[in-house]
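**Q** the sequence and its predicted three-dimensional model are supplied below.
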Amino acid sequence: MAQFSLVSASVGLITLQNPPVNALSAVLRQGIVDAVEKALCDPKVKSVVICGQNGIFCGGADIREFGTNMRGPPLIPMIHAIESANKPMVAAIEGSALGGGLELALGCHYRIAHSQARLGLPEVTLGLLPAAGGSQRLPRLIGVPAALNLITTGRHVTAAEALQLGIVDQVTDHNTVDAAVKFSQSVAGQSLDGRRISTYPCPVQPNLDAFFEEAMLKVRQSARGAIAPVACVQAVRAAATLPYAQGMKREKELMATLFTSGQARALQYCFFAQRAVGRWSTPSGGRWDTSKPRPVHTAAVIGLGTMGRGITVALAQTGLSVVAVETQVKQLTEAKQAVSGMLERGATRRGAAPTPDRITYSENIQAVAGADLVIEAVFEDMALKEKVFRQLSDVCKPGALLCTNTSALDIDHLASQTRNPELVVGMHFFAPAHVMKLLEVVYGPRSSSQAVATAMQLGKKMGKISVAVGNCRGFVGNRMLKPYLEQAFFLLEEGATPELVDRALEDFGFPMGVFKVSDLSGLDVGWRVRKADGMVESGLSTGPSARIRQGRRYSPLGDLLCEQGRFGQKTGRGWYLYDKPGGRVSKSDPWLHSFLEEYRVQQGLVARRVDQQEVLERCLFALINEGFQILEEGIAAGPEDIDAIYVFGYGWPRHRGGPMFYAGMVGLAKVMERLDHYHQAHPDEPSLQPCSLLRRLVASGKKLHSQL
Ligand SMILES: CC/C=C\C/C=C/C(=O)SCCNC(=O)CCNC(=O)[C@H](O)C(C)(C)COP(=O)(O)OP(=O)(O)OC[C@H]1O[C@@H](n2cnc3c(N)ncnc32)[C@H](O)[C@@H]1OP(=O)(O)O
């Protein structure tokens, strides 16, 4: 609802009340319409202030209403009624004014913001555009380039930037409502002719056609198949070229195509999935709302390789004291320099002060004795990690949480090396650890719910999307990656090229195809793991057993490249060619193509034409099938957990909602049918055999996601 009150004898104060973010639900919209009418009819009211309850102006349209039969007064006429009012309407912006919330404020004649407020039009991130007049008013207010930037990226701006751009008229450090009331009194009775943004001409943009062509090109390149950013450019172009009324018509048409699109549904699903993963639960009954995290003031990191350095930076940036331990002197010296450089660059980017003084470096593991939580980030080797955990168990103070950054190893086995296995959890960061949003918090059968809660809370403090998952080889993300990679290798054996496979995945929306990613991460990483697992036979043997390991199809292609010293970008050669070791720009490599041809001849394989559809179905459906298996085993509590992991950690295109959501969009029956089809053709590839949960869901007609 919206509360109306008369303040300072002549100001009508309308307070939006719809906790937690004052989203513009049908009830709230009705409340605003009624309150505005009351204010305009009341002769005592000379000016009006609109504010939000509980320190937040408005989080925008109610996203939960989007999938429903929307009732209540529509936003556009409501905002027009505010703009055409004959008494000054002033928005008092505290907290956030986002999406429809900012559009409401743009309908007001003046905007006063608190210095800590954030403003933005993030509709594009939900697969939409600012279709309550935002795409037409903002360019008229701040000019086309600035509006285009805000609308196509959805980025939030600070009050200071909003003032500089001309979105708000005043910024205050004091009580925003008081300031707005005072301000509204000062302008009461003045003409409002120049204050209605819809009547402004759009500022002239030189070389309009060229400007929009370039903008469209840029947006298409970065959108990776997402349609909303493209529609946003079209809407802003309408603002720049059409009268307001016609621009609004165009905005409506564009919104209509977006509103019912699968992409909007997927992006809105991601919005809620990102929040749902915070409400974690474990099979042993641990829950987010009943488990109290332990306080963490001092954290320690053991091992200052690439991951350890990133984790140290991420911890220091949250304001914790950090003890960073590296036993190799040379590595320690290099790490100190690297960490302070990373902190400085991070601080410059965020406009904050660097924080290197919070870090204490040591060569001695004893230095972690006072830490509340320790994150082990040594080399991925079980024997080494076992030793570190035994030492930590001796050195750490009672109750200290012991975490490992392993990406695949058994958490419970590491826990068994300590005196208090309930205090051991995995904190699986993604490289670069201070940048990547995802954190897998891995609980073993003996991890206490307090340990999980503590790691989850720390992840949140670090700005991560933390997902609690169970303990198994590769946890959720890397476990699902295995069948995906495996299929990509098999497709090369059958006639595809790395370019073809990567192109199909990039066209789907991944920032990089699987082979480019392998080159970037280093082919030797997987090689080492496969060697440890006894999968690697040196040299190329022929005959039926050459490509079979442990009874299932195996491709030695990656091993053969490694034997040639082709480790990817770091060696300048991998699945692609780079201009130098460490080079970033991939080129097609004729050597690789000849190598594949020779390999096929030696193995008696006849190359066939592989198309993009097969690449997507085999790689993605095998990955999804593993996701169903993970759900069945209870390793992930729900499909949102898997989807969040893939969207925030593995480059899965957000506008496709994550692998499990995508499976639902495609149709579970279709996914199962295609898996069955490929499994029949390749019976030695168990990852193509639909798992029983998928079969049961298809048989029962049940869906995995209520949104579909
Ligand atoms: C014809 C015209 C049609 C359309 C034009 C307008 C379109 C829009 O306005 S689309 C919505 C645009 N707004 C946003 O994208 C903002 C989304 N919200 C946020 O960014 C954040 O929630 C926040 C910055 C406003 C607050 O952040 P924080 O304090 O961290 O809280 P949470 O994010 O955890 O949110 C708390 C709670 O509120 C739910 N929620 C937030 N915003 C909305 C919303 N716009 N509609 C519905 N629900 C919303 C959020 O999901 C959380 O609840 P759950 O934990 O239960 O999921």
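**A** Everything's here; your move.

**Q** what does stretch 276-291 contact?
**A** With C-beta atoms under 8 Å, 6 or more residues apart in numbering as the test, stretch 276-291 has contacts from 441, 443, 445, 447-450, 452-453, 456, 460, 465-468, 470, 634, 637-638, 640-641, 644. Every C-beta, even on glycine, is put in place using the N, C-alpha and C of the backbone.

**Q** run a quick neighbour tally on A335.
**A** Neighbours of A335 under the rule other C-beta atoms under 10 Å: 22.

**Q** what residues does this structure have near the ligand?
**A** With C-beta under 6 Å from any ligand atom as the criterion, the chain meets the ligand at residues 20-21, 23, 59-64, 75-76, 96, 98-100, 122-123, 126, 128, 130-132, 272, 275.

**Q** of those residues, buried ones?
**A** For the residues of the chain next to the ligand, a neighbour count by 16 or more other C-beta atoms under 10 Å gives the buried set as 21, 23, 59-63, 75-76, 96, 98-100, 122-123, 126, 128, 130-132.

**Q** which parts of the stretch 551-700 of the chain are strands?
**A** With DSSP state E, counting those that start in this stretch as the criterion, the stretch 551-700 of the chain has strands at 552-553.

**Q** and the residue of it found nearest the ligand, what's its pLDDT?
**A** Closest contact between the stretch 551-700 of the chain and the ligand, by C-beta to the nearest ligand atom, is at E640 (10.6 Å). For E640, the pLDDT comes out at 97.

**Q** now do the same contact list for it.
**A** 272-273, 276-277, 658.

**Q** with V296 instead?
**A** 320, 372-373, 401, 454, 457-458.

**Q** let's see which of those residues end up in helices.
**A** 454, 457-458 (DSSP state H).

**Q** surely P295 meets L373?
**A** No. Using C-beta atoms under 8 Å as the test, P295 is too far from L373 to be in contact (9.8 Å).

**Q** which one of these two has more residues nearby?
**A** When P295 and L373 are compared for neighbours, L373 comes out ahead with 27 against 9, by other C-beta under 10 Å.

**Q** contacts only, for that one.
**A** 294, 296, 298-300, 400-401, 403, 454-455, 458 are the contacts of L373 under C-beta under 8 Å, 6+ apart.

**Q** and with 7 Å instead?
**A** By C-beta atoms under 7 Å, 6 or more residues apart in numbering, L373 lies in contact with 296, 299, 400-401, 403, 454, 458.

**Q** M216 now?
**A** M216 neighbours (C-beta under 7 Å, 6+ apart): 230, 233.

**Q** now do whatever helix or strand it lives in, average pLDDT.
**A** For M216, the host element (DSSP states H and E) is helix 208-223. Mean pLDDT, helix 208-223: 96.

**Q** and it, how far from the chain's centre?
**A** 24 Å (C-alpha atoms, centre = their mean, to the nearest Å).

**Q** show me which residues of it are buried.
**A** Quick answer for helix 208-223 (16+ other C-beta under 10 Å): 211-212, 215-216, 219, 223.

**Q** my read: F212 touches A238, true?
**A** No. F212 is beyond contact range of A238, at 10.5 Å (criterion: C-beta atoms under 7 Å).

**Q** and the residue in the stretch 151-300 of the chain positioned nearest to the ligand, how close does it get to S291?
**A** Closest residue of the stretch 151-300 of the chain to the ligand, C-beta to the nearest ligand atom: R275 (3.8 Å). Going from R275 to S291 by C-beta to C-beta, to the nearest Å gives 18 Å.

**Q** and for L505?
**A** L505 is 39 Å from S291, where distance means C-beta to C-beta.

**Q** and the next helix or strand past the host helix or strand of I14?
**A** Per DSSP H and E, I14 falls inside strand 11-16. Using DSSP H and E, the helix or strand that follows strand 11-16 towards the C-terminus is helix 26-41.

**Q** buried ones in that next one?
**A** 28-33, 35-36, 38-40.

**Q** how's the chain carved up into domains?
**A** Listed by automatic domain parsing, the domain ranges of the chain are 2-259, 298-473, 496-603, 612-700.

**Q** list the contacts of P445.
**A** Counting by C-beta under 7 Å, 6+ apart, P445 touches D412.

**Q** do R696 as well
**A** Listed by C-beta under 7 Å, 6+ apart, R696 has no contact partners.

**Q** same question, L520
**A** Taking C-beta under 7 Å, 6+ apart, we find L520 in contact with 568-569.

**Q** quick check: mean pLDDT across the helix or strand hosting it?
**A** Per DSSP H and E, L520 falls inside helix 514-521. Regarding helix 514-521, the rounded mean pLDDT is 96.

**Q** tell me the angle of the helix or strand following it relative to helix 514-521?
**A** Later in the chain than helix 514-521, the nearest helix or strand by DSSP H and E is helix 523-532. Interaxial angle of helix 523-532 relative to helix 514-521 (axes from the mean of the first three to the mean of the last three C-alpha atoms, to 10 degrees): 90 degrees.

**Q** in terms of secondary structure, what does helix 523-532 contact?
**A** For helix 523-532, the packing partners by 3 or more C-beta pairs under 7 Å, 6 or more residues apart in numbering; DSSP states H and E come out as helix 557-563.

**Q** show me what counts as buried in the helix it packs on.
**A** Quick answer for helix 557-563 (16+ other C-beta under 10 Å): 557-562.
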